[in-house]
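>>> When you get a sec, could you give me coordinates for this:
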Amino acid sequence: MDVGGLPLITVRLDADGELEPGGEAMLLGELAAAGASDLLMFCHGWNGWSNGAAGSPAQVFFQAVPSLLERFGTPGRRVALVDVHWPGQRWSDESVPALDRVGVFGLTDSFDHLGVPAPRPPDDVSRWITRSAFGLAQRERVDELLELLLSRPDDSAALKRARVLIRILAEEAPDAGDGERRDVLSILEIDDPYPDQLFADFALRLSELGVVTDPAGGSAGFGDSACRLWHGAQEVVRQITYWQLKRRAAVVGERGLGPLINRLHGQRPDLGISLIGHGLGARTAGYALRGLPSAEVRSVTLLQGAFSHWAFADKLPFDPSSSGALAGVQDRVAGPVVACYSRHDTAVGVFYQLAARAAGPDTAGFETVGHRWGALGHDGHQLAAREFSLNPIGEVYDFARSGLVNIDASWVIGHGSPPCGAHSDICHPELAWIPLNAAGLC
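Residues are numbered from 1 along each chain as shown. Here you go, the predicted structure:
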């Protein structure tokens, strides 16, 4: 397969990071046949659009690359593209912005989605994704929880049962985080004395984003109806599903993708390898660096990363004795580790934070949930990172040295309906321009 004349090679890794049989030999053979000098490896947070669109997310993202290389590319470089598939999926009700949309100027902080209908109960695909995220050991509890979301009984006992099931699932498969969670319980893991409060919090944020969670009306947060609370419960279940996939993303990166890159480097030390990750796939790309012994990657570009913005921090201000889980691994990258973020991404800017927050009050005087429990795709690396503006195509970034870099891409990444907002609005030439610069290809 090719994209605009550039070879596109698909590599498949399972939930344990194991490469499909014959995958490595196939990859090396394809690279040799293409005479590739450079490799762009794309790790998406989910595979397939699920909306009838042709091609994988990697194919669509890479569509801008051939013309950019033709106009601005460094002479003599031959680029191959890799689509990294791993068992990451999204619920099928999440919006995917128009694939032919180009960056739009003049976006504001508000969404033009007032009156958006609340998401329907999870369909067959979404229920399958949740079951597969938790595995067989939790199947009975997951099925009971999904059945409650489908039936949504007007019954406080049913809502309390849903809260108990969520707590048990979160407790038995906890989110270890990215270094920021040491000795801290998530709000999902506690035995909540006010079981409706968690669902009310999520429903309130849906309402604030313009989602109609109660067709009968009424003020969110005050005597919430069962209808509104079930919508909140559904968003909580979405988040605990992604908790499990988030953990899987790290395993695939550290045990699978990183060692694969190391072996590629051993076979082809002349090959310039750069990583691109989106959403949970950004966590796969980041944790792949833990599987490398040295600087075998030329650059890393993380688009709307769905993991902690403290992951690469040398020291955590709320816990100076600790560091982020990926602290120092940027030294294994010859060039920059770029985090692109957008204020319009409500998947990581709103709901990630709600699910990740601590059971007790924040520590060390940090008064906002977002500061302690924020995601990379919301405001970039914390704390020490160089800040760049998003350049127009043709204007080269000053990536003169390695290290952490932040780019506010809000003026391009801005389209998509709640609850996930602009999280998947990444298919723009302005964003493809970034890894090409970071890798020294343009």
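>>> which regions of the stretch 301-442 of the chain lie under the pLDDT threshold?
360-370 (pLDDT under 70).
>>> All the helices of it, residue numbers only.
In chain order, the stretch 301-442 of the chain shows helices spanning 346, 352-356, 369-373, 376-379, 429-438, with DSSP state H, counting those that start in this stretch as the criterion.
>>> Can you say which of the ones you listed is nearest to Ile168?
Between Ile168 and these, the shortest separation by CB to CB is 15.7 Å, and it involves helix 352-356. All C-beta spots, glycine's among them, are computed from the backbone N, C-alpha and C.
>>> ok, back up a step: need the helices of the stretch 301-442 of the chain in CSV with mean neighbour count and distance to Gln304, can you?
Listed next are the helices of the stretch 301-442 of the chain as CSV, based on neighbours: other CB atoms under 10 Å; distance: least, CB to CB, whole Å:
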stretch, mean neighbour count, distance to Gln304
helix 346, 24, 11
helix 352-356, 23, 11
helix 369-373, 20, 15
helix 376-379, 25, 4
helix 429-438, 23, 10
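>>> Which among these is found nearest to Phe388?
The closest approach between Phe388 and any of those, judged by CB to CB, belongs to helix 429-438 at 9.1 Å.
>>> what ranges do the strands span in the stretch 51-200 of the chain?
In chain order, the stretch 51-200 of the chain shows strands spanning 79-85, 116-117, with DSSP state E, counting those that start in this stretch as the criterion.
>>> Packing partners of the longest one?
Okay, so that is strand 79-85. Other helices and strands packing on strand 79-85, by 3 or more CB pairs under 8 Å, 6 or more residues apart in numbering; DSSP states H and E, are strand 6-12, helix 23-34, strand 38-43, helix 57-62, helix 65-72.
>>> and the direction of it versus that of strand 38-43, what angle?
20 degrees (axes from the mean of the first three to the mean of the last three CA atoms, to 10 degrees).
>>> now strand 79-85 and helix 65-72, what's the angle there?
150 degrees.
>>> domain assignment for this structure?
Domain assignment of the chain by automatic domain parsing yields the ranges 2-95+246-438, 116-244.
>>> Just say which of those is most tucked in.
Comparing the domains of the chain by mean neighbour count (mean count of other CB atoms under 10 Å), domain 2-95+246-438 ranks first with a mean of 20.
>>> Can you measure across that one, start residue to end residue?
For domain 2-95+246-438, the first-to-last residue distance is 23 Å (CA to CA, to the nearest Å).
>>> how distant is the helix ranked longest in the chain from the center of its chain?
For the chain, the longest helix by residue count, based on DSSP state H, is helix 226-251. Averaging C-alpha coordinates over helix 226-251 and over its chain gives two centres that are 14 Å apart (CA atoms, centre = their mean, to the nearest Å).
>>> returning to that earlier point: comparing the helices and strands packed on strand 79-85 by mean pLDDT, which bottoms out?
Among the helices and strands packed on strand 79-85, helix 57-62 carries the lowest mean pLDDT, a mean of 90.
>>> I'd like to know which elements that one is packed against.
With contacts taken as 3+ CB pairs under 8 Å, 6+ apart, helix 57-62 sits against strand 6-12, strand 38-43, strand 79-85, strand 272-278, helix 429-438.
>>> can you list the residues that contact the last one?
I take that to be helix 429-438. 40, 61-62, 64-65, 67-69, 72-73, 102-103, 274, 276, 298-301, 303, 335-336, 338, 340, 390-393, 396-397, 399, 407, 409, 412-413, 442 (CB atoms under 8 Å, 6 or more residues apart in numbering).
>>> if you set the cut-off to 6 Å instead, what comes out?
With CB atoms under 6 Å, 6 or more residues apart in numbering as the test, helix 429-438 has contacts from 64-65, 68, 103, 274, 276, 299, 301, 335-336, 338, 393, 396-397, 399, 412, 442.
>>> How about the one residue sitting closest to the centre of the chain: what's its closest non-neighbour residue?
The central residue of the chain, meaning the one whose C-alpha is nearest the mean C-alpha position (CA atoms, centre = their mean), is Gly279 at 1.5 Å. Closest residue to Gly279 in three dimensions, ignoring its sequence neighbours and counting by CB to CB, 6 or more residues apart in numbering: Gly45, at 2.8 Å.
>>> how far away is that neighbour from Cys420?
Plainly put, Gly45 is 11 Å away from Cys420 if you go by CB to CB, to the nearest Å.
>>> For Tyr287, which three-state class applies?
helix (DSSP: H, G, I helix; E, B strand; the rest coil).
>>> Can you tell me the SS state at the residue lying closest to it once chain neighbours are set aside?
Here the nearest residue to Tyr287 in space, its sequence neighbours aside, is Gly253; by CB to CB, 6+ apart that works out to 3.3 Å. Assigned with three-state DSSP, Gly253 falls in the helix class.
>>> Let me see the confidence value for Gly253.
Reading off the confidence values, Gly253 has pLDDT 97.
>>> That one and Leu376: what is the separation?
Gly253 sits 14 Å away from Leu376, taking CB to CB as the criterion.
>>> Contacts only, for Arg131.
Here Arg131 is in contact with Val142 (criterion: CB under 6 Å, 6+ apart).
>>> again, but for Leu292
By CB under 6 Å, 6+ apart, the residues touching Leu292 are Gly258, Asn262, Arg332.
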